[in-house]
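1. Mind looking at a prediction? Sequence and model below.
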Amino acid sequence: MDKNKLIEVKDLNKTFIIGGRFFGSKLVAVNKANLVMQQGKPEIFTLAGESGSGKTTLARMILGIIEPTSGHIYYKGKDVTRLRGKKEREWFKKEVQPIFQNPFEAFNPLKRVETYLFETALNFGIAKNKNEASDIVDEALKSVGLSLSEVYQRYPHELSGGQVQRTCIARALITRPSLLIADEPVSMVDASLRMSILNFFHKLKTDYGVSIIYITHDLATAYYVSDRIAIMYRGYIVELGPIEKVLTNPLHPYTQLLLDSIPKPDPDRRWNKRIKLADIEVKEYMALGCKFANRCKYATERCFKEEPYDVEIDGRKVKCFLYSDKEVSTTL
Ligand SMILES: Nc1ncnc2c1ncn2[C@@H]1O[C@H](COP(=O)(O)OP(=O)(O)O)[C@@H](O)[C@H]1O
Ligand SMILES: [Mg+2]
């Protein structure tokens, strides 16, 4: 626990008990995740991985929406799972704001969108009265290229997907958060708006010192916008480090495989290789050793028996026995 750290995720696990054919089996959606973001060093940190790799589960634990099975999350030195009293919980909600994939889910279709913005400004004590709230709401909307008059008295379905997503971002900004957790925020908007939202994230970081956890399965946009990246595979962070290093010289065989599927990082090109978890045998998920072993061209007998650990190499962490001559625990 350290106050100089904005967020510290320590050995975080989430196990779900699943039903169906493998009824009662355990599915480890997030497995011993570790990551640190520093205070005073705003950055865009990407969490990437194919569908079902555990990105949303990790994000929801950091947001305090679901409880970890074990491990810790510290935000500015405070254990997120043990926030005390209303005051601490409100403080955390103000500081760490979510942006979700489907903006329409964030809004009740029968409620006018500006209501949410006013509620946020008033309930969090950002504005003392409706007049003050109106200025704050307008300012937040202007920062995303909208204005209060444009959304005033409108219901979500009367706005475009892009306008609703920008309204969601504006709402998140009203509390002046230090950390935004954006779970696939641009996957449902068109290409031009996607770039303008990502550029806006960059501006939030550089001009307002906001750190962002950007969740995506699109490596091209990750390359375009982020400083660091963590690649997830079946609940494990298999590689974590500076974006440039990880995407131009991937070390983990899984990262290498992902990058083979896009010719080169290019903001206009989408990474379209998506493997749905439904296609993967749950048994395989529960196998011993490295979860990637049976798809890995370098796998040895050891990979099927032992679980790989983090190795620090070339400024990043890699969970692979290929590099296991240098075992260290790091705070990268
Ligand atoms: N509430 C839940 N109950 C059971 N399994 C879940 C639940 N939430 C997520 N999972 C499973 O955990 C795994 C990781 O899911 P998720 O975090 O949503 O991945 P991602 O966001 O990377 O697509 C998946 O296998 C998913 O089916
Ligand atoms: Mg998800």
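-> Thanks, I have it. Ligands and ions are numbered 1, 2, ... in the order given.
2. dump the residue contacts of Glu114.
-> Contacts here follow Cβ atoms under 8 Å, 6 or more residues apart in numbering; on that basis Glu114 touches Val137, Leu148, Val151, Tyr152, Gln153, Arg154. (C-beta placed from N, C-alpha, C; glycine too.)
3. Looking at these, which are in helices?
-> Residues from the contacts of Glu114 lying in helices, with DSSP state H as the criterion: Val137, Leu148, Val151.
4. The last one and ligand 2: what is the separation?
-> As defined by Cβ to the ion, to the nearest Å, Val151 lies at a distance of 27 Å from ligand 2.
5. Local confidence estimate at Lys205?
-> Per-residue pLDDT puts Lys205 at 96.
6. quick one: it and Met37 touch, right?
-> No. With contacts defined as Cβ atoms under 8 Å, Lys205 does not count as touching Met37, sitting 11.6 Å away.
7. Could you name every residue contacting both of those two?
-> By Cβ under 8 Å, 6+ apart, the residues touching both Lys205 and Met37 are Glu43, Ser211.
8. tell me, how many neighbours does the residue in the chain that ligand 2 sits nearest to end up with?
-> Residue nearest to ligand 2 within the chain: Thr56 (3.2 Å; Cβ to the ion). Around Thr56 sit 20 other residues, with neighbours defined as other Cβ atoms under 10 Å.
9. again with Leu219
-> Using other Cβ under 10 Å, Leu219 is surrounded by 26 other residues.
10. Equivalent analysis for Gln38, please.
-> Under the neighbour criterion other Cβ under 10 Å, Gln38 is assigned a count of 15.
11. Can you name the next helix or strand after the lowest-mean-pLDDT helix or strand in the chain?
-> Here the helix or strand of the chain ranked lowest by mean pLDDT, DSSP states H and E is helix 282-285, holding a mean of 49. Per DSSP states H and E, the first helix or strand lying C-terminal to helix 282-285 is helix 301-305.
12. Buried ones in that next one, by neighbour count?
-> Cys303 (16 or more other Cβ atoms under 10 Å).
13. So which elements touch it?
-> Packed against helix 301-305 by the contact rule (3 or more Cβ pairs under 8 Å, 6 or more residues apart in numbering; DSSP states H and E) you find no helix or strand.
14. The helix or strand that that helix is followed by packs against which elements?
-> Later in the chain than helix 301-305, the nearest helix or strand by DSSP H and E is strand 310-313. With contacts taken as 3+ Cβ pairs under 8 Å, 6+ apart, strand 310-313 sits against strand 316-319.
15. which other residues reach the strand it packs on?
-> The contact list for strand 316-319, computed with Cβ under 8 Å, 6+ apart, reads 236-242, 245-246, 251-252, 290, 308-311, 330, 332.
16. Next step: those residues restricted to helices.
-> Using DSSP H, the contacts of strand 316-319 in helices are Lys245, Val246.
17. Lys305 contacts Leu288, correct?
-> Yes. Lys305 lies in contact with Leu288 (Cβ under 8 Å); the separation is 6.1 Å.
18. circling back to that earlier point, separate out the buried members of the contacts of Glu114.
-> With neighbours counted by 16+ other Cβ under 10 Å, those contain buried members at Val137, Leu148, Val151.
19. Mind putting the residues you listed into CSV with pLDDT?
-> As requested, the buried ones among the contacts of Glu114 are exported to CSV (pLDDT from 0 to 100):
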residue, pLDDT
Val137, 97
Leu148, 96
Val151, 95
